[in-house]
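Asker: Kindly return the folded structure for what I paste below:
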Amino acid sequence: MGMEEGQLLTVVFKLPFELIIPDLLFFDELEELHAHWRGLGLKLDMLSGESVRQVAELTSKYAKPRRND
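Answerer: This is a model prediction of the structure:
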């Protein structure tokens, strides 16, 4: 059961936190079914160059996780 089915999504977005996701992850995996999350307060941000380098290093070191994991 996901957060929407459990009616937790609106509660989560009312918490005193900013929920931020990398823009690439949102557009690759979430936009099609969850574009409305942005209207609830989900913020998108770009990964820094250092973060991109870390992802590249980890994906070359560990075969199982995908790029967006």
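Asker: Quickly find the element holding Val52.
Answerer: helix 49-61 (DSSP states H and E).
Asker: roughly how far out does that helix sit from the chain middle?
Answerer: Relative to its parent chain, helix 49-61 has a centroid offset of 17 Å by Cα atoms, centre = their mean, to the nearest Å.
Asker: can you dump the C-alpha coordinates of it into CSV?
Answerer: What follows is helix 49-61, C-alpha atoms only, in CSV (Å, rounded to 0.1, in the frame of the first residue of the first chain):
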residue,chain,number,x,y,z
GLY,A,49,28.5,18.0,-9.9
GLU,A,50,30.0,16.2,-6.9
SER,A,51,26.7,14.3,-6.4
VAL,A,52,26.7,13.2,-10.0
ARG,A,53,30.3,12.0,-9.7
GLN,A,54,29.4,10.0,-6.6
VAL,A,55,26.5,8.4,-8.4
ALA,A,56,28.7,7.5,-11.3
GLU,A,57,31.3,6.0,-8.9
LEU,A,58,28.7,4.0,-6.9
THR,A,59,27.0,2.6,-10.0
SER,A,60,30.3,1.4,-11.4
LYS,A,61,31.2,-0.2,-8.0
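Asker: Report the buried residues of that helix.
Answerer: Val55 (16 or more other Cβ atoms under 10 Å). Quick note: C-beta positions are derived from backbone N, CA and C, even for glycine.
Asker: same thing with stretch 4-12?
Answerer: Leu9.
Asker: any idea how far Met46 is from Pro22?
Answerer: The gap separating Met46 from Pro22 is 7 Å, by Cβ to Cβ, to the nearest Å.
Asker: if you count what's nearby, which of these two comes out ahead?
Answerer: Neighbours were counted for Met46 and for Pro22 using other Cβ atoms under 10 Å; Pro22 has more, 16 against 10.
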